[in-house]
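Asks: Sharing a model prediction with you, sequence too.
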Amino acid sequence: MILNPYPKIDLSRTIRLGDKPISSHKLTSLAEAIAAFVPDGAAIVLGAALENAVPFAATHELIRQGRRDLNMIAPISDISTDMLIGAGCVAEVTGAWVGNVSGGMGHNFRRAAEHCLPNPIKINDYSNFTLGMAFFAGAYGLPYVPVKSILGSDILKSNPKIKLAEDPFSGEPVALVPALKPDVTFLVVQRADRDGNAHIWGSTGLTQEASIAASKIIVLADEIVAPEVIASDPSRVLVPGFVVDAVCHVPAACHPAPLIGKWRRDNAFFHDYHKETRDPEDFARWCAEWVRDLPDHAAYCSKLGSQLEDLRILGNAPAAAANYAIA
Amino acid sequence: MILNPYPKIDLSRTIRLGDKPISSHKLTSLAEAIAAFVPDGAAIVLGAALENAVPFAATHELIRQGRRDLNMIAPISDISTDMLIGAGCVAEVTGAWVGNVSGGMGHNFRRAAEHCLPNPIKINDYSNFTLGMAFFAGAYGLPYVPVKSILGSDILKSNPKIKLAEDPFSGEPVALVPALKPDVTFLVVQRADRDGNAHIWGSTGLTQEASIAASKIIVLADEIVAPEVIASDPSRVLVPGFVVDAVCHVPAACHPAPLIGKWRRDNAFFHDYHKETRDPEDFARWCAEWVRDLPDHAAYCSKLGSQLEDLRILGNAPAAAANYAIA
Amino acid sequence: MTAYSTQELMIIAAARQIRDGERIFVGMRLPITAYGVARLTHAPNAVGLFESGVARYEPADGMLYTMCDGPNQLGAAWTTGLIQVMGLLSGGRVHAGFIGGAEVDRFGNINTSYIGDIDKPTVKLPGSGGAPDIAAMAERLVIIINHQKHRLVEKVGFVTSPGFLDGGDARKKAGLPGGGPAVLITDRAVLKPHGPTNEFHLASIHPGHTLEEVLQNTGWALQSMPDVAETPPPTKAEMAALHHIDKEGFWRR
Amino acid sequence: MTAYSTQELMIIAAARQIRDGERIFVGMRLPITAYGVARLTHAPNAVGLFESGVARYEPADGMLYTMCDGPNQLGAAWTTGLIQVMGLLSGGRVHAGFIGGAEVDRFGNINTSYIGDIDKPTVKLPGSGGAPDIAAMAERLVIIINHQKHRLVEKVGFVTSPGFLDGGDARKKAGLPGGGPAVLITDRAVLKPHGPTNEFHLASIHPGHTLEEVLQNTGWALQSMPDVAETPPPTKAEMAALHHIDKEGFWRR
């Protein structure tokens, strides 16, 4: 037989979950999925869609499981990264923006960057578009992407991974953004089947590229549906099920962020978080109350109670019909 | 005021059609759109979706209007390019494949390449993925894209636009594919409103990238619908209306190619074309009968008669509902 | 007595930067309101772009906390990915973008990253988002910032989003395709780049404010354009449009 | 007497190249039938990819003339763009691809572009499509071609899709990530690369064909692998699967 110089593709990514056999489905609990696929030190994407469909349920579970030394990669992920930093889970932040979209700055992010509290973090700066190109390159096998839109920015100084070069066609300056391949990408979808085939609608930010670039993909589905529902509209699939590693049924996984057609944004929750995490002790108290002292996301939803119910979207603004018939 | 070194964006692309005022819609006849936007010598994309949604109605109209010296850019566009070559409209072919997917080789393409009949053509070879990256770069402002998948191919010799280089990060070989910006891209959509907002479903090949890369975009809509229909599902929009230049209502514009949920493929028509265009005289006769002697696409459809009606999809295989409600 | 607040004047001034038929990177808060006013007055064919992957004709009907909220997606022209929308910008199809920042300097460079040393910052700001891309690629950049001495500085400590860099043709030499900052709107005045250095000059002073006050609150020796004037107050039509959008008077406070 | 046609044997031989759970660039005609057989027998979790932007679990139910036809899209796992599906290939997520061609040489290089001079070809073939990308990037390449002296040639005139180039480690030196040709299936035999040169050697001869006939119809001095044997005939299960798919006996003729 031939010598194959190509790195072996890990078959387990599509056909196994942990030690389950190949014909099994991928439906599991979020706690199991995180235990199986997210080791300490992993580079993970939580919230590639920007400010909607943020997988906060996974943020909380990572804190509960005490994961350490994570590299959090995201364009903008609202307070998700700030929580993980405050809980001592993060060693690196890779992205374009960390804060609180409703409240302003993220206190934990500031404390870590300014005072190494609770621990120092390394910051890898990107702009949104250059992070997009880094994921695109990682997803689709390009070693790097030459980009104009970061020229002139001191991000070229703070992030030495991006190289300034000369476009060999025009002789003009260009910045080379190398491929970025996360270990795990989490995504929140409106509905999925138990094999990871899923439908997403509304804006998606960098969800597709960050997912395909990742070694492992974990889907948090607001609803689990029959395979026929997803198969009825293959153009609404953003990431195909055959590259998904685990599917978790987690209604309102996005809270306090919105999910189009499912949940509204809980703006007050973001403001409260901002007020209640000004000091490390305050954050510890907040984190105990809302994360550590709760066993899982179902308990979190119960604790929210009517506050969550009030955010549930009950109306219907239906998409126009589309037909895939063949005769 | 400042000196602006940036090339001016042509406002007419979104708000004017020819000399119509800015508040007017973009609905026009295909003949008018081609007369207004496709000069001799233009680089045009007809059929970026590969073998479905090929804008054959535009192919025919270009022949009828006697356009010359076109550069036909497409990954695979079935017999569309072959027809235009035979009719003497083409000076250059840029892409990955020209032939007849049902019948095999394209006789006109062979005659032009082998015997300069009816005129010599220049061939710019790409593979499908490198053409995709060329459009991607053209669409999104990247000067070029570094690609591995064309290494080792003699396409690097036959197309000197693609440069072999060294990846400055790894030192490994890489091929640099420069941005490609067509003058005009035609696309066939299932439905559009009169401002060019459109829905497409099914596989789309390079439609999105080839459209956004182009200076002008002409939409051939199988159906014209109220703006509310398109706005009901903005995630089914592939190319936004505000970059579209003209919308033409042309039912069955794709014939003999298929359009998902609307028209089946007319396979016999492809075989007949293959048989009936073996010699230049045969092609001239075919072209007179099916293109030149017909005033427009409506006449072509009438001539097909029940042959076309038999291809119309009457069944319904509906996509699952999606909800965009906000409360 | 004026019948408008300072913030309302800023919104109107920002709205006037949008021309009909243009594609605009809108952002949240003050600029999105300005976009709404422009659409209702002189720019009914403008298109609003949001880097999360949204493009809209009509401004959202309903309160927006972020660009990703449901009301910004319902009835949008396009809900898609970040690369598609920011790609329109990178591809040269965007006329103007609005950005703010913690600091801006006399050449329109903006800092939203670090105050103090990068490795040990005094203040770690949230970061760039898509602002560097907008500053690099949009045909015109509109900067909105509060007019305080520590915000309008001689030279920013970190260029998150490039203006004219060191002035003159430095921006062009750096290979930046977009035209750069066209205007800086503050709560006291409007500044514009002027002359061969492209340094920001005073273009107009808002009604009720004085030259002295503006100079005192600027972190460099601000020069005036030859034709410096009072910022034109909102017209009746502009105020009517603004009140139509801001029914609850959020910007009147 | 065999109960199968040569083309049916080729389909079964091709189907055996697909392992369970793999992602495969399928192509049309013979390979898509092979994919269907593999799914129904030993590879129920294989995934079929089509460069137009389609991915499927179950093979299409209904006649396909092209990969873009309705039956290949109805009930698909994914209908999307070319970049997304070929990007899975380029990104190293594809295990195997099937391609054909007008000419293949002893190192598995394939020509689908030009016979004769590039500027004045004797025959202008349709071109590459996505074959170079598949040949460059897939972990294994399966080549299917009719066994004739003018098709299996010493050296192709134009390398559309790279095999082992000049043999040995030339492919690796050229920077090609994919593993290269793993097998060449003809209507007379199965060939595999062998030894340090990676030259194609005879691996097995189809039942009813002879070594002499194979050698006569190969355009280079074909050597045999040490363990050359008869191509294993289809099993009952494989034939049952094939007949289930090919109800009209298209491949039995």
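Replies: Now that the structure is in, tell me what you want to look at.

Asks: gap between the spatially most central residue of chain A and chain D?
Replies: The residue lying closest to the centre of chain A (CA atoms, centre = their mean) is residue A:46, at 2.2 Å. Applying CB to the nearest CB, to the nearest Å, the value for residue A:46 to chain D is 22 Å. The C-beta positions use only the backbone N, C-alpha and C, and glycine is treated the same way.

Asks: same question, residue C:81
Replies: Counting by CB to the nearest CB - residue C:81 and chain D are separated by 11 Å.

Asks: cool, residue A:82 as well?
Replies: 31 Å.

Asks: rewinding a little: looking at it, the residue nearest to the centre of chain A is touching residue A:54, isn't it?
Replies: Yes: at 7.0 Å, residue A:46 and residue A:54 qualify as touching, with contact defined as CB atoms under 8 Å.

Asks: Between those two, which contacts overlap?
Replies: Common contacts of residue A:46 and residue A:54 (CB atoms under 8 Å, 6 or more residues apart in numbering or on different chains): A:77, A:80.

Asks: Only C-alpha atoms, please: export the biggest helix by length in chain A in PDB.
Replies: The residue-count maximum for a helix in chain A (DSSP state H) belongs to helix A:128-140. Output of helix A:128-140 as PDB, limited to C-alpha atoms (Å, rounded to 0.1, in the frame of the first residue of the first chain):
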ATOM      1  CA  ASN A 128     -14.000  41.200  13.500                       C
ATOM      2  CA  PHE A 129     -13.200  40.800   9.800                       C
ATOM      3  CA  THR A 130      -9.600  39.500  10.300                       C
ATOM      4  CA  LEU A 131     -11.000  37.000  12.900                       C
ATOM      5  CA  GLY A 132     -13.500  35.900  10.300                       C
ATOM      6  CA  MET A 133     -10.800  35.400   7.700                       C
ATOM      7  CA  ALA A 134      -8.700  33.400  10.300                       C
ATOM      8  CA  PHE A 135     -11.700  31.100  10.800                       C
ATOM      9  CA  PHE A 136     -12.400  30.900   7.100                       C
ATOM     10  CA  ALA A 137      -8.800  29.900   6.500                       C
ATOM     11  CA  GLY A 138      -8.900  27.300   9.300                       C
ATOM     12  CA  ALA A 139     -12.200  25.900   8.000                       C
ATOM     13  CA  TYR A 140     -11.300  25.600   4.300                       C
END
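
Asks: and the next element down the chain from it?
Replies: Note on helix A:128-140: by DSSP states H and E, the next helix or strand toward the C-terminus is strand A:144-147.

Asks: Tell me if that following strand is near chain C.
Replies: Yes: Strand A:144-147 comes into contact with chain C (CB under 8 Å from any CB of the partner chain), by way of residue A:147.

Asks: Looks to me like residue C:61 is in a strand.
Replies: No: Residue C:61: not assigned to a strand; according to DSSP: H, G, I helix; E, B strand; the rest coil it is coil.

Asks: Find the nearest non-adjacent residue to it, please.
Replies: residue C:71 (6.2 Å; CB to CB, 6 or more residues apart in numbering or on different chains).

Asks: Just list the residues touching that neighbour, thanks.
Replies: Residue C:71 touches B:326, C:60-64, counting by CB under 8 Å, 6+ apart.

Asks: helix or strand for it, which one?
Replies: Counting by DSSP H and E, residue C:71 is part of helix C:70-73.

Asks: Quick check: what element follows that helix along the chain?
Replies: strand C:78-79.

Asks: what's the burial count for residue 235?
Replies: Since no chain was named, I'll use chain A. Neighbour count for residue A:235, taken as other CB atoms under 10 Å in any protein chain shown: 25.

Asks: Correction: the question concerned chain C.
Replies: Residues near residue C:235, counting by other CB under 10 Å: 11.

Asks: And the pLDDT for the nearest residue to residue A:318 once chain neighbours are set aside?
Replies: In this structure, residue A:318 finds its nearest non-sequential neighbour in residue B:321, 5.6 Å apart by CB to CB, 6+ apart. On pLDDT, residue B:321 comes in at 97.

Asks: Residue A:319 is in contact with residue B:321, correct?
Replies: Yes: counting by CB under 8 Å, residue B:321 does reach residue A:319; the two are 6.9 Å apart.

Asks: Those two: which is more packed in?
Replies: Neighbour tally, residue B:321 and residue A:319, criterion other CB under 10 Å: the higher count belongs to residue A:319, 22 against 13.

Asks: Spell out which residues of the stretch 151-253 of chain C are next to chain B.
Replies: Within the stretch 151-253 of chain C, the residues that sit near chain B (CB under 8 Å from any CB) are C:172, C:177-182, C:192-193, C:198.

Asks: wait, which of these is closest to chain A?
Replies: Taking CB to the nearest CB as the measure, chain A lies nearest residue C:177 of these, at 5.6 Å.

Asks: neighbours of residue 94, just the number please.
Replies: Assuming you mean chain A. Residue A:94 has 22 nearby residues by other CB under 10 Å.

Asks: actually chain C
Replies: 25.

Asks: just the one 4 residues further on next, same as before
Replies: Applying other CB under 10 Å, we find 26 residues neighbouring residue C:98.

Asks: For the stretch 151-300 of chain A, what lies in contact range of chain B?
Replies: Going by CB under 8 Å from any CB, the residues of the stretch 151-300 of chain A near chain B are A:163, A:165, A:167-170, A:172, A:174, A:176, A:178, A:190, A:199-202, A:225, A:229-230, A:232-233, A:235-236, A:260-262, A:264.

Asks: element containing the residue nearest to residue A:318, please.
Replies: Using DSSP H and E, no helix or strand contains residue B:321.

Asks: ok, it to residue A:207 distance?
Replies: Residue B:321 is 21 Å from residue A:207, where distance means CB to CB, to the nearest Å.

Asks: same check, this time on residue A:319
Replies: 19 Å.

Asks: what's the answer for residue C:247, then?
Replies: 34 Å.

Asks: Let me see the ranges of the strands in the stretch 201-327 of chain A.
Replies: Secondary structure of the stretch 201-327 of chain A by DSSP state E, counting those that start in this stretch: the strands cover A:216-221, A:246-249.

Asks: The last one: how far from the chain's middle?
Replies: Strand A:246-249 has its average C-alpha position 14 Å from the chain's average C-alpha position, going by CA atoms, centre = their mean, to the nearest Å.

Asks: Could you do the longest one as well?
Replies: When distances are taken as CA atoms, centre = their mean, strand A:216-221 is centred 9 Å away from the chain's centroid.

Asks: what are the pairing partners of that strand, and which direction each?
Replies: Taking DSSP bridges as the criterion, strand A:216-221 sits next to strand A:184-189 (parallel), strand A:246-249 (parallel) in its sheet.

Asks: tell me the mean pLDDT over the first one?
Replies: Confidence for strand A:184-189, expressed as mean pLDDT, is 98.

Asks: Okay, buried residues for that strand please.
Replies: Using 16 or more other CB atoms under 10 Å in any protein chain shown as the test for burial, strand A:184-189 gives A:184-189.

Asks: Show me which of those is closest to chain B.
Replies: For the buried residues of strand A:184-189, the nearest to chain B is residue A:189 (11.8 Å; CB to the nearest CB).

Asks: May I have the beta-bridge partners of the closest one?
Replies: In beta-bridge terms (that is, DSSP bridges), residue A:189 pairs with residue A:221.

Asks: Look up the closest residue to residue A:44, ignoring the ones flanking it.
Replies: Closest to residue A:44 by CB to CB, 6+ apart is residue A:184, at 4.6 Å.

Asks: related to what we said a few turns ago, which among the strands paired with strand A:216-221 is found nearest to residue A:149?
Replies: Residue A:149 lies closest, by CB to CB, to one member of the strands paired with strand A:216-221: strand A:184-189, at 23.4 Å.

Asks: C-terminal to that closest one, which secondary structure element comes first?
Replies: Criterion used, DSSP H and E; the element after strand A:184-189 is strand A:191-192.

Asks: Let me see the mean pLDDT of the next helix or strand after that following strand.
Replies: Sequence-wise, the next helix or strand downstream of strand A:191-192 (DSSP H and E) is strand A:198-199. Averaged over strand A:198-199, pLDDT sits at 98.

Asks: All set, thanks.
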